[in-house]
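>>> Build me a structure from this.
(one chain, ligands or ions: 2)
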Amino acid sequence: MEVDRRAFIASIGGAAVVATMDHEAKAEALEHYMEEQLDAQVAAQQGGQPEKFPTVAEIEAQIETRPYRRGAGSVFVGQRGENVKKLQPMPPKPTLKDFFELRFAPANHVLQSATRALKTGMSEEVILACLLHDCVLSLIKPDHGWWGAQLFEPYIPEKSAFAIRYHQTLRFYPDPEAGYEYPDQYYRIFGHDYQPPQYIADTYKWLKNHKWYMEPRLVTVNDLYAFDPNAKVSLDPFMDIVGRHFKQPKEGLGFDNSPSAHMWRTLARPDSPL
Ligand SMILES: [Fe+2]
Ligand SMILES: [Fe+2]
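Ligands and ions are numbered 1, 2, ... in the order given. Below you'll find the model as predicted:
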């Protein structure tokens with residue numbers, strides 16, 4: 001199988017990232033890249049042609065085919081059309097780890113993204129941002145960058161919160177130099193003719209010249225959808241970073257009167273009628 005060197009380097013985050021990787025990490029990244037390419041080729045061959053992405057109009061036509069709105073957080077909607085399951089109660093003083101295990105689980109996507117960030121030598125603020133960047137999707141989906149930053153802001157470094165808030169915006173804008181391409185997944189979920197709303201375009205314009213532009217950009221570079229369901233990922237490799245940078249409140253998340261305490265309580269008790 002032929003490897004497009006430039007595309008490969010871009011896929012792992014650009015030349016600067018490659019420079020930080022040891023031989024083993026490079027070999028592993030190459031292997032992973034080739035697997036992905038192979039999967040894409042097989043999928044294209046099986047279908048006989050490249051995937052056809054929906055239009056915005058086709059996606060909008062699906063709205064009235066569902067008993068819930070697409071923006072509902074995942075704890076509020078049954079998986080694969082099934083009824084929701086009873087949730088295990090949270091311990092009295094819940095920690096971030098408890099929320100990962102009992103409300104964000106399986107959390108494959110964020111764990112995989114953080115694993116990649118760890119392997120490619122990102123800063124601890126960026127690794128933490130990768131680990132937390134989409135957790136709020138359990139609660140709500142629209143504007144998840146802003147919601148997610150708000151949820152975690154009282155407990156994490158300012159740079160990590162910045163990265164979480166603005167990764168949502170940067171996902172719509174390629175940056176080949178940084179190794180980020182517009183994702184096929186977005187053609188799939190937004191429609192191939194989708195244009196981000198004006199406030200996203202304005203936010204991007206502002207971000208481009210911000211001194212912290214690379215913080216959310218590196219979250220997008222490590223933001224992976226291709227997930228191997230058999231890969232074992234866990235929170236364990238990140239507990240040191242969490243310990244150093246996440247200010248766990250002694251009263252437990254939800255009970256410390258922080259500006260986002262109510263969001264944690266809602267995640268803890270999504271079956272509450274009011
Ligand atoms: Fe995201
Ligand atoms: Fe993500």
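
>>> Show me where the protein has its strands.
For the chain, no strands are identified by DSSP state E.

>>> Pretty sure F152 sits against E158.
No - the criterion here is C-beta atoms under 8 Å, and F152 misses it with E158 at 11.1 Å. The C-beta positions use only the backbone N, C-alpha and C, and glycine is treated the same way.

>>> Which one's more surrounded, the two?
Between F152 and E158, F152 has the larger neighbour count (other C-beta atoms under 10 Å), namely 24 against 11.

>>> For M239, which residues are in contact?
K97 (C-beta atoms under 8 Å, 6 or more residues apart in numbering).

>>> Against K205, how distant is the residue nearest to S272 when sequence neighbours are not counted?
In this structure, S272 finds its nearest non-sequential neighbour in T266, 7.8 Å apart by C-beta to C-beta, 6 or more residues apart in numbering. To K205, T266 is 33 Å away according to C-beta to C-beta, to the nearest Å.

>>> Looking at these two, which is more packed in?
Shown here are T266 and K205; by other C-beta under 10 Å, T266 has more neighbours (17 against 11).

>>> Next one: the more buried one from ligand 2, what distance?
The gap separating T266 from ligand 2 is 21 Å, by C-beta to the ion, to the nearest Å.

>>> List of residues touching stretch 181-195?
Residues outside stretch 181-195 that contact it (C-beta under 8 Å, 6+ apart): 10, 51, 53-59, 171-174, 225.

>>> Flag whichever of these scores worst on pLDDT.
When the contacts of stretch 181-195 are sorted by pLDDT, the bottom entry is A10 at 61.

>>> buried residues in stretch 93-108?
Residues of stretch 93-108 classed as buried by neighbour count (16 or more other C-beta atoms under 10 Å): P94, T95, L96, D98, F99, F100, E101, L102, R103, F104, A107.

>>> Could you export the residues you listed to JSON lines, including columns for distance to A163 and pLDDT?
Formatted as JSON lines, the buried residues of stretch 93-108 follow (distance: C-beta to C-beta, whole Å; pLDDT from 0 to 100):
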{"residue": "P94", "distance to A163": "24", "pLDDT": "98"}
{"residue": "T95", "distance to A163": "22", "pLDDT": "98"}
{"residue": "L96", "distance to A163": "17", "pLDDT": "98"}
{"residue": "D98", "distance to A163": "24", "pLDDT": "97"}
{"residue": "F99", "distance to A163": "19", "pLDDT": "97"}
{"residue": "F100", "distance to A163": "19", "pLDDT": "96"}
{"residue": "E101", "distance to A163": "24", "pLDDT": "95"}
{"residue": "L102", "distance to A163": "25", "pLDDT": "96"}
{"residue": "R103", "distance to A163": "22", "pLDDT": "96"}
{"residue": "F104", "distance to A163": "18", "pLDDT": "95"}
{"residue": "A107", "distance to A163": "18", "pLDDT": "91"}
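
>>> tell me which parts of this structure are close to ligand 2?
D134, D223 (C-beta under 5 Å from the ion).

>>> can you give me the helices in the stretch 1-150 of the chain?
Applying DSSP state H, counting those that start in this stretch to the stretch 1-150 of the chain gives helices spanning 5-11, 15-20, 23-47, 56-60, 96-99, 108-119, 124-132, 144-152.

>>> and those helices, which one's lowest on average pLDDT?
Among the helices of the stretch 1-150 of the chain, helix 23-47 scores lowest, with a mean of 55.

>>> which ones are touching the residue of the stretch 1-150 of the chain found nearest ligand 2?
For the stretch 1-150 of the chain, the residue positioned closest to ligand 2 under C-beta to the ion is D134, at a distance of 4.2 Å. The neighbours of D134, taking C-beta under 8 Å, 6+ apart as the test, are H109, V110, S113, H144, G148.
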